[in-house]
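Novice: need a 3D model of the following:
(one chain, ligands or ions: 1)
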Amino acid sequence: MSRFFLTAICLWLLIGCHHVSHSENSVKSISEFALIPKVNQIEDASGSLQIRAKLDFNWKTNQNEDLKNRITQQWQQIITDQGTDDASTLLEIIIDTTLDLKSEESYHLEIHEHGITISALSDEGVYRAWQTLRQMLYLKGEHSIGCGLIIDFPKYSYRGAMLDVARHFFSVDEVKRYINQLAFYKINYFHMHLSDDQGWRIHIDRWPLLTEIGGTSQVDGGEAGFYTQDEYQDIVQYAAERFITVVPEIDVPGHTNAALASYAELNCDNKKRDRYYGREVGFSTLCVDKEITYQFVEDVIREISQITPGPYFHIGGDETHATPEEDYIQFINRVIPLVGKYGKKVIGWDEINLGELPPDAVVQYWANTENAVNGVQKGAKVLMSPASYAYLDMKYDSLTPIGYHWAGYIDTQRAYSWTPETLVEGVEKENIIGIEAPLWGETITNSDDIEYLAFPRLLGYAEIGWSERGDSRTWDEYKKDLAIHGKLFEKLGIHFYRDPKVNWLTASD
Ligand code: IFG
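Specialist: Model (predicted):
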């Protein structure tokens, strides 16, 4: 064999990302992957890289051990075939604050001849890149992935999911399970609705009866519960390891029967209310004329803020039908400054627009467009949670066994078919911090229920929040990618709703 030919063969073998030969035409180029949320820029390059089970890290800056271990563990859950030799795949991590990237979550993900390189401004960007690469590893089919470069960044900085743990209590493990699923789709805020008429779910040292009494009830009764402050911090830490920020909500002055059933003095007539096990709303109110009410609210805001690293505290403020408007305004104007006093930015349902809003206030739009527009005119930002598009407790259709339909049916196509910046006249892109999909708890009791209502619609919200839609990303295009995620849902054990509008692929496809 000629020396030249021998050299050529050696070179060919040495270069991982060699020119795709006919036998490798089945190798996916990176632009063919069904990535959700859609990445913002993608460029194929020639050649392909074989993916090995053995992972070789080259972490170019101070290494985040927890993140490295998580990536390694998840890599090895996906890539199991050791192959014949002990070759490995190089994963290079470059964190460089001088990179010209738009945000902490931005990243470059390059598949090249020596391996894979992730570049970002921070660990958060590395983590978002890893979710993209994880999807590629699950979806690659062949041993190899085509070479190329992904340049990606979020359209909105807040892509949230809310879980109502007050109507029905969910265990720490059930909450962690949902958080872990959210992380795969680049959701980065987790809003916990911690109190309502039917239950108070977080221990407050200075007001122990809130959980001793208020923690024992829930819709339809049964074994309810609450989180100790340590358990709440465990959830916060678990979310933080997945670069998800927890937003605690204590809903006031309405939706407070559990507190009013725990302490007589919080009621204007000094009589404890009965615990409530129903599904009605709008019948309860704190006593806005009593000083103890504001001491109570301040103690709650202080204790929860002290164990919440995230920037937001949510004060609820919705459906205060039992509070005269002038009382409501007086109340929230005394409460909103307490949020700032303990170092947080206030979020409230859109009714808080009636109050004096600090410049960093966030109005969560759910049903009343005038409230959202008025909030904008007062200088607040808007978090878009339109009930008729984004409420996960809305049924898919009339056959859905759980959920409500007061805001209409929301099937997977409707959940995808809106954009935040075009929905409300007077609420433009620059007024919007992002979107959030609330899952109210009246009709759900376990993880299967959460997953049935959240998946697949949540992937649409994740994409609406992360990706520029452009003209090409129609429902028909999106649903082709979504269908492939049916395989991932099965692999990840997600109990999703097989919306008949989607031609679901399964693990056997
Ligand atoms: N509206 C109430 C929720 C819940 C919901 C159920 C808001 C802001 C109806 N408030 O949505 O407490 O009961 O779909």
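Novice: for this structure, give me the ranges with low pLDDT.
Specialist: Along the chain, the parts satisfying pLDDT under 70 run over 1-25, 507.
Novice: residues from it in reach of the ligand?
Specialist: Proximity of the chain to the ligand (C-beta under 6 Å from any ligand atom) is limited to residues Val281, Asp318, Glu319, Trp349, Trp366, Tyr391, Asp393, Tyr404, Trp440. Bear in mind the C-beta positions are built from the backbone N, C-alpha and C, glycine included.
Novice: isn't the third one right next to Val281, touching?
Specialist: Think Glu319. Yes. Using C-beta atoms under 8 Å, Glu319 is in contact with Val281, at 5.0 Å.
Novice: pull out the buried members of the residues of the chain next to the ligand.
Specialist: Asp318, Glu319, Trp349, Trp366, Tyr391, Asp393, Tyr404, Trp440 (16 or more other C-beta atoms under 10 Å).
Novice: now do the SS call for the nearest residue to the second one once chain neighbours are set aside.
Specialist: Which is Glu319. Of all residues not flanking Glu319 in the chain, Gly282 sits nearest, at 4.5 Å (C-beta to C-beta, 6 or more residues apart in numbering). Per DSSP: H, G, I helix; E, B strand; the rest coil, the secondary structure class of Gly282 is coil.
Novice: for burial, what's the neighbour tally of Gly282?
Specialist: By other C-beta atoms under 10 Å, the residues close to Gly282 number 14.
Novice: likewise for Gly316?
Specialist: Neighbour number of Gly316 under other C-beta under 10 Å is 26.
Novice: if I pick whichever residue of the stretch 401-509 of the chain sits closest to the ligand, what's in contact with it?
Specialist: Of all residues in the stretch 401-509 of the chain, Trp440 sits closest to the ligand, at 3.8 Å by C-beta to the nearest ligand atom. Trp440 makes contact with Asp164, Arg167, His193, Tyr391, Leu392, Asp393, Tyr404, according to C-beta atoms under 8 Å, 6 or more residues apart in numbering.
Novice: shared neighbours of Glu319 and Val281, anything?
Specialist: Common contacts of Glu319 and Val281 (C-beta under 8 Å, 6+ apart): Gly254, His255.
Novice: what ranges do the helices span in the stretch 51-200 of the chain?
Specialist: Using DSSP state H, counting those that start in this stretch, the helices of the stretch 51-200 of the chain run over 65-78, 123-139, 172-183.
Novice: return the most buried member of those.
Specialist: Most buried of the helices of the stretch 51-200 of the chain by mean neighbour count (mean count of other C-beta atoms under 10 Å) is helix 123-139; its value is a mean of 22.
Novice: so what does that helix touch, helix or strand wise?
Specialist: Packed against helix 123-139, as judged by 3 or more C-beta pairs under 8 Å, 6 or more residues apart in numbering; DSSP states H and E, are the following elements: helix 65-78, strand 88-95, strand 107-112, strand 115-120, strand 144-152, helix 475-491.
Novice: for Ala264, which non-adjacent residue is closest in space?
Specialist: Residue nearest to Ala264 in three dimensions, not counting chain neighbours: Lys272, with 4.4 Å by C-beta to C-beta, 6+ apart.
Novice: got a list of what the one you found touches?
Specialist: Lys272 makes contacts with Leu260, Ala261, Ser262, Tyr263, Ala264, as judged by C-beta under 8 Å, 6+ apart.
Novice: got the buried residues for stretch 225-242?
Specialist: Buried, per 16+ other C-beta under 10 Å, within stretch 225-242: Gly225, Phe226, Tyr227, Glu231, Tyr232, Ile235, Val236, Tyr238, Ala239, Glu241, Arg242.
Novice: how about stretch 29-48?
Specialist: Neighbour-count burial for stretch 29-48, with 16+ other C-beta under 10 Å as criterion, is recorded at 29-30, 33-40, 42, 45, 47-48.
Novice: these in strands, which ones?
Specialist: Among these, DSSP state E puts Ile42, Ala45, Gly47, Ser48 in strands.
Novice: for these, which one is nearest the ligand?
Specialist: Distance to the ligand across these (C-beta to the nearest ligand atom) is lowest for Ile42, with 37.5 Å.
Novice: and the closest one, how close does it get to Tyr389?
Specialist: Separation of Ile42 from Tyr389 (C-beta to C-beta, to the nearest Å): 28 Å.
Novice: cool, Tyr189 as well?
Specialist: Distance from Tyr189 to Tyr389, by C-beta to C-beta: 18 Å.
Novice: same check, this time on Asp449
Specialist: 21 Å.
Novice: more crowded one of those two?
Specialist: Tyr389 (25 against 21).
Novice: wait, what's in contact with the more buried one?
Specialist: Ile410, Arg414, Ala415, Ser417, Trp418, Leu423.
Novice: let's see it at 10 Å
Specialist: 407-408, 410, 414-420, 423, 435, 437, 457, 460-461, 464 (C-beta atoms under 10 Å, 6 or more residues apart in numbering).
Novice: buried ones among those residues?
Specialist: Among these, those buried by neighbour count (16+ other C-beta under 10 Å) are 407, 410, 414-416, 418, 420, 423, 435, 437, 457, 460-461, 464.
Novice: next up, the contacts around the most centrally placed residue in the chain.
Specialist: Computing the C-alpha centroid of the chain and ranking residues by C-alpha atoms, centre = their mean puts Ile187 first, at 3.2 Å. By C-beta under 10 Å, 6+ apart, the contact set of Ile187 is 37, 131, 158-161, 178-179, 181, 242-244, 436-437, 458-459, 461-462, 465-466.
Novice: now it: how far from the ligand?
Specialist: The spacing between Ile187 and the ligand, counted by C-beta to the nearest ligand atom, to the nearest Å, is 19 Å.
Novice: relative to Val363, how far out is that residue?
Specialist: Counting by C-beta to C-beta, the gap from Ile187 to Val363 is 21 Å.
Novice: try Gln198
Specialist: In terms of C-beta to C-beta, Gln198 sits 25 Å off from Val363.
Novice: could you do Val376 as well?
Specialist: On the measure of C-beta to C-beta, Val376 and Val363 end up 8 Å apart.
Novice: who touches both of the two?
Specialist: With C-beta under 10 Å, 6+ apart as the test, Val376 and Val363 both reach Asn353, Val382, Val427, Asn431.
Novice: all helices for the stretch 301-450 of the chain, in order.
Specialist: 325-341, 369-377, 387-390, 412-416, 447-454.
Novice: what packs against the first one?
Specialist: Spelled out, that is helix 325-341. With contacts taken as 3 or more C-beta pairs under 10 Å, 6 or more residues apart in numbering; DSSP states H and E, helix 325-341 sits against strand 245-252, helix 291-306, strand 312-316, strand 345-349.
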